[in-house]
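**Q** my questions concern the predicted model and sequence given below.
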Amino acid sequence: MSSEDFKREFNISVKIIYRKWLMEAIEHDAYESFKDCVLNLGIEWHVIRTVKKVKREDFYKNLWDNRKNIQNGTYNWWTGAPSYKSKVCFLINPQYYKLIYDSKNRDAINEENCKPANWQDVVDKYYEKYKKEFLKSEKDVLKIFEIDYYLWNKEKQS
């Protein structure tokens, strides 16, 4: 296995695991498990710094209280720590949120100055232009995670 293959497989596997944990927490109505997963994601993906320590409980609670909105694609994640919220939304509902709001992804699709509130429209246009279809089913999650990885890593998608 090449180094690049390892990085790709590792990145996608981590997303699969975080998604599994988040979905299980939601399914079992387990706020503490959800919160722990969001905290770990924030630490591992270096976005924990975007939420002040004293406000973290409110941050987790807001995501938890909006879990159904995230699942149905109606949650507006772009206020307060948008990069962090975008990651959580992407993992819970990749079929709707499709790409993480991240500087590397913005650069990769030539939208360096895109505001968080405009990101979803930009992502939808990107998918329309380059994918010719919206990946909407559960079986498409791996492909969505792969697309996010290749953009983040600035590689050509397969």
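**A** That came through, no problem. Numbering: from 1, shown residues only.

**Q** so, low pLDDT: which residues of the protein?
**A** Along the chain, segments meeting pLDDT under 70 span 131-135, 155-158.

**Q** helices of that one, residue ranges please.
**A** Counting by DSSP state H, the chain has helices at residues 3-27, 31-44, 56-65, 67-71, 82-92, 94-97, 103-108, 119-130, 141-152.

**Q** turn those helices into CSV, including mean neighbour count and distance to residue 50.
**A** All C-beta spots, glycine's among them, are computed from the backbone N, C-alpha and C. Putting the helices of the chain into CSV (neighbours: other Cβ atoms under 10 Å; distance: least, Cβ to Cβ, whole Å) gives the following:
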stretch, mean neighbour count, distance to residue 50
helix 3-27, 15, 17
helix 31-44, 17, 8
helix 56-65, 16, 9
helix 67-71, 17, 18
helix 82-92, 24, 5
helix 94-97, 20, 17
helix 103-108, 16, 13
helix 119-130, 15, 16
helix 141-152, 19, 17
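
**Q** could you find the closest non-adjacent residue to residue 96?
**A** Closest residue to residue 96 apart from its sequence neighbours, by Cβ to Cβ, 6 or more residues apart in numbering: residue 73 at 3.5 Å.

**Q** for the one you found, which residues are in contact?
**A** Residues in contact with residue 73 (Cβ atoms under 8 Å, 6 or more residues apart in numbering) are 93, 96, 97.

**Q** which one of these is nearest residue 147?
**A** Closest approach between those and residue 147, by Cβ to Cβ: residue 97, at 12.1 Å.

**Q** how much space between residue 150 and residue 140?
**A** According to Cβ to Cβ, to the nearest Å, residue 150 stands 15 Å off from residue 140.

**Q** what's the answer for residue 153, then?
**A** 20 Å.

**Q** how about residue 111, phi and psi?
**A** Per-residue torsions, residue 111: phi -130, psi 50 (degrees, to the nearest 10).

**Q** wait, what's in contact with the nearest residue to residue 152 once chain neighbours are set aside?
**A** Counting by Cβ to Cβ, 6+ apart, residue 152 lies nearest to residue 104, which is 4.8 Å off, once chain neighbours are set aside. Applying Cβ under 8 Å, 6+ apart, we find residue 104 in contact with 151, 152, 153, 154.
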